[in-house]
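Participant: Sequence and predicted structure, then a few things I'm wondering about:
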Amino acid sequence: MTMIHHARGGLGLTKLRLMSLGLLTLLLALVFIATGCLPFVRKGPAEITQVGTLGSVEITARLLEVPEGAIIERRHYDYAAVLKYEVLEIHRGEHVPTVIYIAHYNPFKPRSQAADARVVTLGGTVTRFEAGQIHRMALEPSAEQHYLGGVINLYLEREAEDPWWALWCDLAEPKP
Amino acid sequence: MRALAAEVKPLGWIAYAARSEHKDWDIFVCRPDGSDVRNITRTRDHHETWPQFSRDGQHLLFRRLPADETVDGNRYGQQGQPILALADGSQSRSLGAAGELPWACFSPDGKQVATLSLKGISIVDIASLKVVRTIPRKGFFQQLSWSPDGNQWGGVSNGLGTGWSVARMEVASGNVTAVSTVDCCTPDWFPDNQQMIFSNRQPQVRGEHDYGWTQLWRCDIAGREPQLIYAEQGRHIYGGCVSPDGKYILFTGNDKEDGDPQNEGSVMQVIRLADTPMVGGGDAALLARHPGAKRGPMLDLPRGFEPCWTARDIFEDPQTSRKP
């Protein structure tokens, strides 16, 4: 009885495993579709990211350029720099233009080390801003309403009077 | 030097934050020649910083924060509680909890304060602590100051491109005008309401970290006719303040960046406005940039941070006994 039970049990477990695997695959696919993760893969420790929960908007976007003078290291002077992005995908939120200007706080610091007494909510896996990088970000629409401090905005006169405010910035890359 | 000291000594009092013998920051006052130094807060378990006399010299506004918190050269107006006292430091009372009334500065009549926060610039009635009016801050983010005539606010703005611009806002309309857009801070008003004094880092004058030494400048409120007041290679000049009669300039000369509130502040100094523009230290390149620089005496006062000057005799005038 015991052996038959084991044999039957073994066959049952295999089926169950196959069904579970299929279900898991389906669930993962649904999760990916629901969260819009299919085209891009976040780099870094996904288990600690807050990109999906912070802010009212979540996007994946390509950093188009880092203008000279936008990112400088100034001891004692915390500031935010405005950077220009091309939006590739909108995961959460509305009214996001195709080209977007985003203020990043103390951009010379890795995102995981940039939070301080002035800006408490901040993080991500980006360690250095480089043109061409793809970032997945949690945002708020108005830096003016979320940040009281210096802003280096080299786009001010042309396009970006009140840039968006970055709360979280993970490095992403196109899925191969 | 003696002549300058004799000129300014009777011209009221200067309030400033400085380290006490217990190493916490307290509010001190001294005569404008640096004599008669008095500690008027004496709180070992708290720092007090950023003293501001009301325009009539009756009251003093400052911030109080726990002594284990570090005074931040860019956030000192937001740190700790806002405290109101008589000008001699007596009868102090809190106007709010820690972080409340950020960057509060007196209205000309001393009955209101303007505060600067993410919500905007708010006018708050001191007696009731009720918000009278709030308008968008339009990029202003620190060091708010109300003009003597009450018509404008000065402040540091990020809405003009460089991150640290000095700007003014019309109180009635909220319209903003740039005053100086090249790395500026600590703006204050001349008594005539027509000029502002501010610190300004000239990009051509390299120094610490290769981004220059901060100089003291003035210009009219439309940003025209910028004029050097004082510059010195090797020291950052901050905390510029015009004497109530408009004839003298008070500032701090900082070896280190940022007014150095983490340490002991810096030596405060007084010069005659008539002796400016002035170049200290004899740097040849700087003198060449300012061929019209004059020579004049400069008084050394105690070390301090963000000083403020009133013409009133805050200890001898019987009106100081009035309750705030």
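Facilitator: Great, that's in hand. Numbers count the residues shown, from 1 in each chain, chains lettered A, B, ... in the order given.

Participant: ok, longest strand in chain A?
Facilitator: What stands out as the longest strand in chain A, according to DSSP state E, is strand A:79-92.

Participant: Note down every partner strand of that strand and its orientation.
Facilitator: Counting by DSSP bridges, the strands paired with strand A:79-92 are strand A:57-65 (antiparallel), strand A:99-105 (antiparallel), strand A:150-152 (parallel).

Participant: So what touches the shortest one?
Facilitator: In this case it means strand A:150-152. A:69-70, A:72, A:77-82, A:103, A:143, A:163, B:139, B:141, B:156, B:158-159, B:161-164 (Cβ atoms under 8 Å, 6 or more residues apart in numbering or on different chains). Where C-beta positions appear, they are placed from N, C-alpha and C, glycine not excepted.

Participant: in that strand, what's buried?
Facilitator: Going by neighbour count (16 or more other Cβ atoms under 10 Å in any protein chain shown), the buried part of strand A:150-152 is A:150-152.

Participant: buried ones in stretch A:166-176?
Facilitator: A:166-172.

Participant: so of the residues you listed, which ones are in helices?
Facilitator: Among the buried residues of stretch A:166-176, no member falls in helices (DSSP state H).

Participant: Go back to these and keep what's next to chain B.
Facilitator: By Cβ under 8 Å from any Cβ of the partner chain, no member of the buried residues of stretch A:166-176 lies near chain B.

Participant: Mind telling me what element the nearest residue to residue B:184 once chain neighbours are set aside is part of?
Facilitator: Leaving aside its sequence neighbours, residue B:184 sits nearest to residue B:166 (Cβ to Cβ, 6 or more residues apart in numbering or on different chains; 4.2 Å). Element membership for residue B:166, per DSSP states H and E: strand B:165-170.

Participant: Any residue of whichever helix or strand comes after that strand touching chain A?
Facilitator: Downstream of strand B:165-170, the first helix or strand assigned by DSSP H and E is strand B:176-180. No: residues of strand B:176-180 contacting chain A under Cβ under 8 Å from any Cβ: none, with a closest distance of 11.5 Å.

Participant: in its sheet, what does strand B:176-180 sit against?
Facilitator: strand B:165-170 (antiparallel).

Participant: Residues contacting the strand it pairs with, please?
Facilitator: Under Cβ under 8 Å, 6+ apart, the answer for strand B:165-170 is B:121, B:138-140, B:147, B:151-160, B:175-182, B:184-185, B:187, B:196, B:198, B:200, B:221.

Participant: what sits against residue B:222?
Facilitator: Residue B:222 touches B:177, B:179, counting by Cβ under 8 Å, 6+ apart.

Participant: Save the strands paired with strand A:79-92 as a markdown table, and put in mean pLDDT too.
Facilitator: Supplementary listing: these in a markdown table, determined by pLDDT from 0 to 100:
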| stretch | mean pLDDT |
| --- | --- |
| strand A:57-65 | 97 |
| strand A:99-105 | 96 |
| strand A:150-152 | 90 |
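
Participant: can you put these in TSV and add distance to residue B:265?
Facilitator: Below are the strands paired with strand A:79-92 laid out as TSV (distance: least, Cβ to Cβ, whole Å):
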stretch	distance to residue B:265
strand A:57-65	41
strand A:99-105	27
strand A:150-152	22
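
Participant: Now stretch A:67-80: buried residues?
Facilitator: In stretch A:67-80, the ones that count as buried by 16+ other Cβ under 10 Å are A:70-71, A:74, A:77-80.

Participant: end-to-end on that stretch?
Facilitator: End-to-end span of stretch A:67-80 (Cα to Cα, to the nearest Å): 14 Å.

Participant: model confidence over it, on average?
Facilitator: Stretch A:67-80 carries an average pLDDT of 85.

Participant: Residue B:3 - how many residues pack around it?
Facilitator: 9 (other Cβ atoms under 10 Å in any protein chain shown).

Participant: follow-up on the earlier one: counting neighbours, which bits of the longest strand of chain A end up buried?
Facilitator: So, applying 16+ other Cβ under 10 Å, buried residues of strand A:79-92: A:79-85, A:88-89, A:91-92.

Participant: same thing with stretch A:107-123?
Facilitator: Buried, per 16+ other Cβ under 10 Å, within stretch A:107-123: A:107, A:109, A:111-112, A:114, A:118-119, A:122-123.

Participant: cool, stretch B:212-220 as well?
Facilitator: Under the neighbour-count criterion of 16+ other Cβ under 10 Å, stretch B:212-220 has B:212-219 buried.

Participant: Mind checking which of these are in strands?
Facilitator: Using DSSP E, the subset of the buried residues of stretch B:212-220 located in strands is B:214-219.

Participant: What is the lowest-pLDDT residue among these?
Facilitator: For those, the least confident entry is residue B:214, with 91.

Participant: Spit out the contact partners of that residue.
Facilitator: Contacts of residue B:214 by Cβ under 8 Å, 6+ apart are B:183, B:199-201, B:236-238, B:254.

Participant: now stretch B:277-293: mean pLDDT?
Facilitator: 92.

Participant: What of stretch B:166-183?
Facilitator: Mean predicted confidence for stretch B:166-183 is 93.

Participant: First-to-last residue distance for it?
Facilitator: For stretch B:166-183, the first-to-last residue distance is 8 Å (Cα to Cα).

Participant: next one: stretch A:137-152
Facilitator: In stretch A:137-152, first residue to last residue: 20 Å (Cα to Cα).

Participant: Also stretch B:139-159?
Facilitator: The first residue of stretch B:139-159 is 4 Å away from its last residue (Cα to Cα).

Participant: so, in contact with chain A or not, that stretch?
Facilitator: Yes: Stretch B:139-159 lies within reach of chain A by Cβ under 8 Å from any Cβ, at B:139, B:141-142, B:156, B:158-159.

Participant: centre of the chain versus that stretch, how much separation?
Facilitator: 12 Å (Cα atoms, centre = their mean, to the nearest Å).

Participant: element containing the spatially closest residue to residue B:239 that is not a sequence neighbour?
Facilitator: Among residues not flanking residue B:239 along the chain, residue B:252 sits closest, at 4.3 Å (Cβ to Cβ, 6+ apart). Using DSSP H and E, residue B:252 sits in strand B:248-254.

Participant: Paired strands for that strand, with orientation please.
Facilitator: Strand pairing (DSSP bridges) places strand B:248-254 next to strand B:236-242 (antiparallel), strand B:266-272 (antiparallel).

Participant: Just name the most buried of those strands.
Facilitator: Most buried of the strands paired with strand B:248-254, by mean neighbour count (mean count of other Cβ atoms under 10 Å in any protein chain shown): strand B:236-242, with a mean of 24.

Participant: Report the mean per-residue pLDDT for it.
Facilitator: Mean predicted lDDT for strand B:236-242 stands at 95.

Participant: Could you tell me the angle between it and strand B:214-220?
Facilitator: 30 degrees (axes from the mean of the first three to the mean of the last three Cα atoms, to 10 degrees).

Participant: just the CA coordinates of strand B:236-242, formatted as CSV?
Facilitator: This file holds the C-alpha atoms of strand B:236-242, laid out as CSV (Å, rounded to 0.1, in the frame of the first residue of the first chain):
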residue,chain,number,x,y,z
HIS,B,236,34.2,83.7,1.7
ILE,B,237,32.2,86.8,2.6
TYR,B,238,28.7,86.1,3.9
GLY,B,239,26.1,87.5,6.2
GLY,B,240,26.1,91.0,4.7
CYS,B,241,24.1,93.5,6.6
VAL,B,242,23.7,97.3,6.2
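
Participant: Could you tell me how far it lies from the centre of the chain?
Facilitator: That offset, for strand B:236-242, works out to 7 Å (Cα atoms, centre = their mean).

Participant: now swap in stretch B:62-75 and tell me
Facilitator: The chain centroid and the centroid of stretch B:62-75 are separated by 16 Å under Cα atoms, centre = their mean.
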